[in-house]
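# no FASTA, just this:
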């Protein structure tokens, strides 16, 4: 079976790819508008892309009328954002942040989440998130109808119980993050894991 994404299946590319590339981590991104209004929106077109320097990337799409979504507008104007990771405890509230609210309306209030000050950037992190990455925009790539925002990670904010200070390692088994699965409504938990030692 071969699916031609340049021909017959071009219009189905989104549905096909998001059902195949799974699970995907979720970035609950907080930004500020130029007049200081908070926006929060989840994205599963997201991942860490490098460590030297530490970078993450996410892809905020456009609205149905082809105008940029609030997150993209805010990053373009202020060049800062916070990636808040999503665990099982805030999964439902993350989903509420996906609602299409009018520009400038605070999704955190709508979802019952709490804004907390960031350390080195203006947009707030989410207090209930297990981990928050404070980021400065490195650049945004426009590839056809795709917008890919690349951010330099300046600070990691996380709860004490997730960090082994002596070994300087993350207790990833304690995070209980969730992942995005097939479109339109499927997610997964990340507690079922196994280990394979890489060959020398």
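Perfect, I can see it now. Note that the coordinates shown come from a computational prediction; the quantities given were computed from them, not determined experimentally.
# give me the element residue 134 is part of.
Element membership of residue 134 [criterion: DSSP states H and E] is strand 131-143.
# Now do the buried residues in that strand.
131, 132, 133, 134, 135, 140 (16 or more other CB atoms under 10 Å). Quick note: C-beta positions are derived from backbone N, CA and C, even for glycine.
# got the contact list for it?
Strand 131-143 is contacted from outside by 55-56, 72, 75-76, 79-85, 118-121, 125-126, 147-159, 162, 175, using CB atoms under 8 Å, 6 or more residues apart in numbering.
# Can you flag the buried ones in the residues you listed?
Buried among these by 16+ other CB under 10 Å: 55-56, 72, 75, 79-85, 118, 121, 125-126, 147, 149-154, 157-158, 162, 175.
# For residue 148, give the beta-bridge partners.
Counting by DSSP bridges, residue 148 forms beta bridges with residue 141.
# Strands of the chain, start to end?
24-25, 27-32, 38-43, 46-51, 54-58, 80-85, 115-116, 125-126, 131-143, 146-158, 163-164, 169-170, 178-180, 187-189 (DSSP state E).
# Out of these, which is closest to residue 96?
strand 38-43 (9.5 Å; CB to CB).
# between the strand holding residue 134 and strand 146-158, how many degrees?
170 degrees (axes from the mean of the first three to the mean of the last three CA atoms, to 10 degrees).
# for the residue nearest to the spatial centre of the chain, what are its contacts?
Nearest to the centroid of the C-alpha atoms of the chain, with distances taken as CA atoms, centre = their mean, sits residue 27, at 1.4 Å. Counting by CB under 8 Å, 6+ apart, residue 27 makes contact with 42, 43, 44, 46, 56, 58, 83, 84, 85.
# make it 7 Å
Contacts for residue 27 were tallied using CB atoms under 7 Å, 6 or more residues apart in numbering; they are 42, 43, 46, 58, 83.
# Quick check, pLDDT for it.
For residue 27, the model assigns a pLDDT of 98.
# Count the neighbours of the closest residue to it other than its chain neighbours for me.
Nearest residue to residue 27, sequence neighbours excluded (CB to CB, 6 or more residues apart in numbering): residue 46, at 3.9 Å. Neighbour count for residue 46, taken as other CB atoms under 10 Å: 22.
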